[in-house]
Each structure stands twice: as structure tokens, then as C-alpha cells.
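# quick one, what's the 3D model for this:
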Amino acid sequence: MLNDEDLAKKESRAIEDFIEYRQKSVDLVKKVFSNQNDPQLQNFLKNAVHEGFSEFLNKEGPHYVAEHLAKFLDIHLRKVAGSAGISDDNLIKIIDEILILFKICKAKDTFQEFY
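Numbering: from 1, shown residues only. From the prediction side, this is the model:
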């Protein structure tokens, strides 16, 4: 049976995986279609990745993602204040990625409840 610490690590890893998967998807589209000079096509592809990722994140219920985003953010903000500490640049990068996922997530009120 998982204790609270093990569960928190798994939840945190899930959010890290979401962030990594989204970034890989964006990078792949940029790489494959980098020679396309059509702004409409590039915008269409960007929106397609965004919509696909939105469907993926909200499939199991947006409340799950919103809750774990809030917890993930809390963990990293506590690292800044605590002895573990992370650099400001790294924290800004993490916050930027969380905000991207937050925009995609449909249960923003759940995020607010947990944070």
C-alpha cells in the first residue's frame, strides 16, 4: 500500500510526464513542419497539438489534473522556501509549464480549491 509520500511522488511524476509529453509534441510538430512557411498551417498545427493535449488531459476528469497541478506547484514553491531550494530560473520554467497546463485544464475552480 502506498503511503502519503509515495503517492505524492507518483502524482508529481505524472505532472512532470504531462509537461514533458506536451513539450515533446510541440517540438515534434516544429521539427517535422519547420520547412513550411505557411503561417496558417503552422497555426493550425499548433492548435491541433493544443486541442489534442486538452482532450488527453481532461479525459479522465479535469478535476484530477487540476488537483495535482496545484499540489505540484505547492511542492516546488516550498522547495524555494525550504532547505532543498531550487534556482529562480528553474522555478520560473516550472511555473511557465504549469500555467500552460492550467490553461488547458477545464477545472480551474478545483485548482483554486487545492491551492
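# quick one: contacts of stretch 11-24?
With contacts defined as CB atoms under 8 Å, 6 or more residues apart in numbering, stretch 11-24 is touched by 49, 53, 57, 65, 68-69, 71-72, 75, 97-98, 100-101. No exception for glycine: its C-beta is placed from N, CA and C like everyone else's.
# so how far is it off the chain centroid?
When distances are taken as CA atoms, centre = their mean, to the nearest Å, stretch 11-24 is centred 6 Å away from the chain's centroid.
# for stretch 10-23, same thing?
Computed by CA atoms, centre = their mean, the chain-centroid distance of stretch 10-23 equals 6 Å.
# list the buried ones in that stretch?
Using 16 or more other CB atoms under 10 Å as the test for burial, stretch 10-23 gives 11, 15, 18-19, 22.
# thought residue 49 was touching residue 32?
No. Using CB atoms under 8 Å, residue 49 is not in contact with residue 32, being 11.3 Å away.
# higher neighbour count, these two?
Legend: neighbour count by other CB atoms under 10 Å for residue 49 and residue 32, higher for residue 49 (15 against 10).
# what's the separation between that one and residue 42?
Remark: distance between residue 49 and residue 42 (CB to CB, to the nearest Å) = 11 Å.
# residue 50: neighbour count?
16.
# how about it, nearest residue that isn't a chain neighbour?
Nearest non-adjacent residue to residue 50, counting by CB to CB, 6 or more residues apart in numbering: residue 104, 7.1 Å away.
# neighbours of the one you found, how many?
Neighbours of residue 104 under the rule other CB under 10 Å: 20.
# torsion angles phi and psi at it?
Per-residue torsions, residue 104: phi -80, psi -30 (degrees, to the nearest 10).
# show the pLDDT at it.
On pLDDT, residue 104 comes in at 85.
# and the gap between it and residue 54?
Distance from residue 104 to residue 54, by CB to CB: 5 Å.
# for residue 74, same thing?
When distance is defined by CB to CB, residue 74 is 23 Å away from residue 54.
# compare those two (neighbour count), which wins?
Set residue 74 next to residue 54 and count neighbours by other CB under 10 Å: residue 54 wins out with 16 against 12.
# shouldn't the more buried one be in contact with residue 103?
No. Checked against CB under 8 Å, the pair residue 54 and residue 103 is beyond contact range at 9.0 Å.
# fine by me, thanks again.
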